[in-house]
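[1] Sequence first, then the predicted structure:
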Amino acid sequence: MASLEEKRQWIDKFFSRTGPTYDEVVHRFTLGIDRLWKKRILAQIAPPQRVLDLACGTGILTFSIARKYPESRVIGVDITKGYLSVARIKAEEMGVGNVEFIHSPAEEYLSDARFDTITTSYLPKYADLPLLIRNCRRMIVPEGRLLMHDFTYPSAPTLQKIFALYFKMAQPIGGWWYPEWKEVLRELPEVIRRTNWISEATEAMKKEGFCDIQVESLTMQGAAIISAKAPS
């Protein structure tokens with residue numbers, strides 16, 4: 001299991017120079033499946049007034065929520081300033097006015113406002129999950145929905161072989177197309193193997209009183225979504 005210090009080092013190392021190409025790389029190297037995963041998250045969001053998207057990156061999920069629910073207010077929070085710069089430019093170019101982006105580590109963000117839904121995608125493997133979920137509990141409305149999505153390492157041996165083969169092929173191709181992503185693609189498989197975010201997150205959710213906790217495995221055990229409801 002990786003320490004929080006290691007996780008923060010991964011963030012600094014992986015994402016300091018990758019903002020301009022993030023959207024393109026995510027789409028290409030998930031073979032377009034990331035869009036399907038985001039749709040699965042959206043399908044679990046009831047019409048909200050306020051949504052918090054933690055580790056929003058360049059706003060892929062943030063903008064999907066904001067466009068689906070134009071009457072809502074969507075706050076995106078991220079630790080990487082370069083990603084937020086990209087997100088703000090996108091908001092202006094797309095004319096999306098119901099979003100706001102804030103620079104902060106996801107775990108440390110706190111707001112006096114309450115949110116109907118809190119989402120996060122690709123954060124859990126890097127996060128201090130007990131702290132993150134404790135602060136989510138403080139900001140979410142009674143019976144609000146918490147949704148967490150990230151990559152997972154398959155448990156089935158056959159799928160583990162596919163996982164290894166995929167990254168063996170993706171690393172040289174990706175490193176050639178996108179040199180700034182070379183280190184990410186080299187180290188990401190080990191990051192995914194070493195994190196056990198599903199069990200950590202569900203344990204922390206139970207401790208904070210969340211209920212109706214459900215884990216949905218996605219695409220050959222390559223990712224998962226955890227959904228939970230805040231206590232009333």
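    Cool, the structure landed.
[2] Check this structure for its longest helix and report it.
    helix 157-177 (DSSP state H).
[3] lowest-confidence helix or strand of this structure?
    Ranked by mean pLDDT, DSSP states H and E, the weakest helix or strand in the chain is helix 4-15, scoring a mean of 65.
[4] can you give me the helices in this structure?
    4-15, 22-29, 33-42, 60-68, 81-94, 129-139, 157-177, 182-194, 197-207.
[5] Once you drop chain neighbours, what's closest to Leu129?
    Distance criterion CB to CB, 6 or more residues apart in numbering; nearest residue to Leu129, sequence neighbours excluded, is Glu200 at 4.6 Å. Every residue, glycine included, has its C-beta placed from N, CA and C.
[6] Could you do Ile33 as well?
    Using CB to CB, 6+ apart, the nearest residue to Ile33 is Thr219, at 5.6 Å.
[7] what's the spacing between the residue nearest to the spatial centre of the chain and Ala106?
    Most central residue of the chain, judged by C-alpha distance to the mean C-alpha position with CA atoms, centre = their mean, is Ser121 at 1.5 Å. According to CB to CB, to the nearest Å, Ser121 and Ala106 sit 11 Å apart.
[8] so Ser121 touches Lys38, yeah?
    Yes. The pair Ser121 and Lys38 qualifies as a contact (CB atoms under 8 Å) at a distance of 7.2 Å.
[9] what do the two both touch?
    Taking CB atoms under 8 Å, 6 or more residues apart in numbering as the contact criterion, the common neighbours of Ser121 and Lys38 are 60-61.
[10] residues contacting the nearest residue to Thr152 once chain neighbours are set aside?
    Setting aside the residues directly before and after it, Thr152 is nearest to Ala224 in space (CB to CB, 6+ apart), at 4.9 Å. By CB under 8 Å, 6+ apart, the residues touching Ala224 are 149-150, 152, 198, 215-218.
[11] Over to Val215?
    Val215 sits in contact with 198, 202, 224-226, where contact means CB under 8 Å, 6+ apart.
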